[in-house]
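**Student:** with the sequence up front, the predicted model follows.
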Amino acid sequence: MKLAFLLSGGKDSLYAAYLAKQAGHELVCAITIYSKNKDSYMFHTPCVEKTKKQAKSMSLSLLACKTKGEKEKELKDLEKAIKKAKQKYNIQGIVTGAIESCYQASRIQKICDKLNLECFNPLWQKPQLELLNDLIKNGFKVIVTSVAAYPLNPSLLGRKIDKKFIHEIKLLQEKFKINPAGEGGEFETFVLNCPLFSNSLKIIDKKITGKNNSWKMEVKLK
């Protein structure tokens with residue numbers, strides 16, 4: 001099938017797209033929503049404007065739309081973007097990186113039903129430590145771009161998801177109930193390289209802001 005995928009820049013959106021392609025589907029475009037609300041219920045926000053670089057590395061068209069990020073109202077902006085992708089690229093379905101969020105998955109499914117599109121959630125209910133290990137096995141280079149939970153701190157920003165990271169996050173899961181894949185918003189990520197890319201993205205500058213246990217890192221890419 002010809003598919004569009006929701007591209008946030010993070011590990012889940014790109015790994016879901018990778019799995020869809022591995023299953024024989026054709027990725028014809030990516031859709032990114034830029035939310036003005038940094039605490040959006042629906043959309044990833046750290047480094048999201050850098051999805052342009054990712055789409056270019058995949059030789060894919062990027063449909064980028066803005067939203068104020070108001071709860072529920074932001075779904076109308078997402079629907080407009082998906083409708084535009086259907087009209088412009090004749091897509092037959094949407095790929096999402098939803099893992100456990102029924103809020104996100106149900107609302108995207110509702111939009112797809114309305115537009116007569118298939119909705120693919122290849123990561124749905126996937127064990128999250130297994131997901132992290134699969135990223136490594138499949139050559140994904142992923143870094144942490146934000147943290148938002150006790151006891152996480154800015155020392156995690158820029159950390160690569162590797163075996164050491166997985167070991168540490170497992171200990172935090174056991175002690176503090178931290179979601180190991182950041183599904184509860186505990187941390188967010190950005191993909192610098194993966195099998196879908198023609199070249200690896202390189203960080204040439206970064207800016208870190210935040211306080212207490214809420215920190216984010218914006219990056220400048222080469």
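**Tutor:** Thanks, I have it. Numbers count the residues shown, from 1 in each chain.
**Student:** from here on, just use CA atoms for contacts and neighbour counts.
**Tutor:** Noted.
**Student:** where does the protein dip in pLDDT?
**Tutor:** 39-42, 44-45 (pLDDT under 70).
**Student:** can I see the domain layout of it?
**Tutor:** Domains of the chain are assigned by automatic domain parsing as 2-120, 128-221.
**Student:** need the winner for burial among those domains.
**Tutor:** Among the domains of the chain, the stretch with the highest mean neighbour count (mean count of other CA atoms under 10 Å) is domain 2-120, at a mean of 19.
**Student:** what's the end-to-end length of that one?
**Tutor:** 12 Å (CA to CA, to the nearest Å).
**Student:** Provide the backbone phi and psi angles at Ile158.
**Tutor:** Quick fix: residue 158 reads Gly, not Ile. Main-chain dihedrals, Gly158, degrees, to the nearest 10: phi 90, psi -10.
**Student:** let me fix that: Met58
**Tutor:** The phi/psi pair for Met58 (degrees, to the nearest 10) reads phi -100, psi 0.
**Student:** correct me, but it touches Ser198?
**Tutor:** Yes - applying CA atoms under 8 Å, one finds Met58 in contact with Ser198, separated by 6.2 Å.
**Student:** and stretch 46-58, how far out from the chain's middle?
**Tutor:** 11 Å (CA atoms, centre = their mean, to the nearest Å).
**Student:** again with stretch 93-106
**Tutor:** 11 Å.
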